[in-house]
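Participant: no FASTA, just this:
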């Protein structure tokens with residue numbers, strides 16, 4: 001039965017070892033119907049896939065092995081819960097994706113990664129229409145350092161229209177140290193908006209690519225004064241200090 005108050009929700013979720021959002025104390029005495037934030041949690045609790053994930057995690061805990069261990073996961077080999085969850089991700093978050101969903105899925109993904117059964121996550125970046133969900137998945141690719149997603153992420157970046165999503169992809173490609181993207185970064189640099197250019201510069205610097213550093217140096221030397229030129233200069237100066245080399 002659905003809990004009636006925030007306090008009861010906290011109690012229920014603690015039993016699953018899931019960290020629930022730190023809502024303020026004023027929510028403790030309010031019902032789900034009277035609290036907008038709790039209504040969002042109500043939505044999360046009622047979604048079949050979310051409940052499947054929670055049941056999955058509860059089964060892991062009840063197995064006696066704890067969350068995310070090989071032993072507990074092996075005990076679920078005959079269960080189809082995992083596949084049901086992945087199937088639901090194909091379209092289950094097109095209308096809502098809240099912070100509680102993130103917490104639940106992080107636990108689920110961690111349990112799969114611990115057993116080496118976490119699939120490449122780019123599928124859901126490609127097919128989902130929910131920006132928040134896509135960004136979350138991109139961040140999980142970075143978290144689990146799924147290098148195998150790099151090429152597909154780069155292809156998505158080349159066609160992506162959402163600036164926020166593009167920024168997350170660039171950050172992720174730099175984080176997982178996929179240096180093959182540098183030539184593509186250089187190719188698209190001049191056609192991008194200034195905020196995307198700044199992320200490309202930071203990514204090139206983070207990847208420590210000689211080709212990328214030469215490109216930025218040349219661009220700085222040949223371009224007219226501008227905000228992006230100043231950004232390149234500051235980034236290269238910081239890079240010089242870190243690497244103890246001279247590029248400008």
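Facilitator: Received the coordinates, thanks. No experiment lies behind these values; they were computed from the predicted model shown.

Participant: surely residue 223 touches residue 229?
Facilitator: Yes. Counting by CB atoms under 8 Å, residue 223 does reach residue 229; the two are 5.0 Å apart. C-beta here means a position set from N, CA and C on the backbone, and glycine is covered the same way.

Participant: quick one: which of these two has more around it?
Facilitator: Between residue 223 and residue 229, counted using other CB atoms under 10 Å, the more crowded position is residue 229 (15 against 12).

Participant: and the more buried one, how far from residue 130?
Facilitator: The gap separating residue 229 from residue 130 is 37 Å, by CB to CB, to the nearest Å.

Participant: domain boundaries for this structure, per the record?
Facilitator: Under the assignment automatic domain parsing, the domains of the chain span 120-177, 181-248.

Participant: if you average the pLDDT over the shortest one, what comes out?
Facilitator: By that I understand domain 120-177. For domain 120-177, the mean per-residue pLDDT is 95.

Participant: please pull out the lowest mean pLDDT helix or strand from the chain.
Facilitator: Least confident helix or strand, the chain: helix 70-74 with a mean of 38, by mean pLDDT, DSSP states H and E.

Participant: where does the residue lying closest to residue 118 once chain neighbours are set aside fall, secondary structure wise?
Facilitator: Nearest residue to residue 118, sequence neighbours excluded (CB to CB, 6 or more residues apart in numbering): residue 112, at 4.0 Å. Assessed by DSSP states H and E, residue 112 sits inside helix 99-114.

Participant: name the residues of that helix that come out as buried.
Facilitator: By neighbour count on 16 or more other CB atoms under 10 Å, the buried set for helix 99-114 is 100-113.

Participant: got any ranges where the protein has weak pLDDT?
Facilitator: 1-84, 91-95, 244-248 (pLDDT under 70).

Participant: what ranges does it have for its helices?
Facilitator: 6-14, 36-46, 48-62, 70-74, 81-89, 99-114, 122-127, 131-143, 150-159, 163-175, 182-188, 194-207, 210-222, 227-243 (DSSP state H).
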